[in-house]
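Peer 1: can you look at this prediction? I've put the sequence above it.
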Amino acid sequence: MATQKKAEKKVQVEFIKPWNRYVRKDVAAFDPETAKKLKDQKFAVEPGKAPKTESEDSVA
C-alpha cells in the first residue's frame, strides 16, 4: 500500500534571470524552501514585483 504524503503548499515566483529551464518573466510554483532559495539568490521575486528593464520602460 502506497503512503500518501500531505500536499505541501506551493509558492509562486517570477524569474528575473535565467535559472535551469526558466527564463525572465516565467512564473512557476515551488515548495517554500526552493522558492526562498531562488529569491535569496536573486533568481526570482514575487509575481508582479520584477523590475522593468530599460526596453520595457520605453514601450508606451
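Peer 2: That came in fine, so what should we check first? Source: prediction; values computed, not measured.
Peer 1: what sits against Asp26?
Peer 2: Taking Cβ atoms under 8 Å, 6 or more residues apart in numbering as the contact definition, Asp26 lies against 14-15. C-beta: built from backbone N, CA, C; applies to glycine.
Peer 1: one more: Asn20?
Peer 2: Not one residue lies near Asn20 by Cβ under 8 Å, 6+ apart.
Peer 1: do Lys37 as well
Peer 2: With contact taken as Cβ under 8 Å, 6+ apart, Lys37 is in contact with no other residue.
Peer 1: distance of it relative to Val11?
Peer 2: Applying Cβ to Cβ, to the nearest Å, the value for Lys37 to Val11 is 11 Å.
Peer 1: would you confirm that Ala35 contacts Lys9?
Peer 2: No. Taking contacts as Cβ atoms under 8 Å, Ala35 lies outside contact range of Lys9: 10.3 Å.
Peer 1: starting at the chain centroid, how far to stretch 49-60?
Peer 2: Put simply, stretch 49-60 sits 18 Å off its chain's centre (Cα atoms, centre = their mean, to the nearest Å).
Peer 1: which parts of it are buried?
Peer 2: For stretch 49-60, burial by neighbour count (16 or more other Cβ atoms under 10 Å) applies to Ala50.
Peer 1: stretch 30-50 too?
Peer 2: Judged by neighbour count using 16+ other Cβ under 10 Å, the buried positions of stretch 30-50 are 30, 35, 38-39, 43-44, 50.
Peer 1: any idea which of these is closest to Arg24?
Peer 2: The shortest approach to Arg24 among those belongs to Ala50, at 7.6 Å (Cβ to Cβ).
Peer 1: next, give phi and psi for Val13.
Peer 2: For Val13, the backbone dihedrals are phi -140, psi 150 (criterion: degrees, to the nearest 10).
Peer 1: state the mean pLDDT of stretch 47-60.
Peer 2: Average pLDDT, stretch 47-60: 79.
Peer 1: what lies in contact with it?
Peer 2: 12-16, 24-25, 27.
Peer 1: by residue count, tell me the biggest helix in the protein.
Peer 2: The single longest helix within the chain, with elements called by DSSP state H, is helix 32-40.
Peer 1: cool, thanks, signing off.
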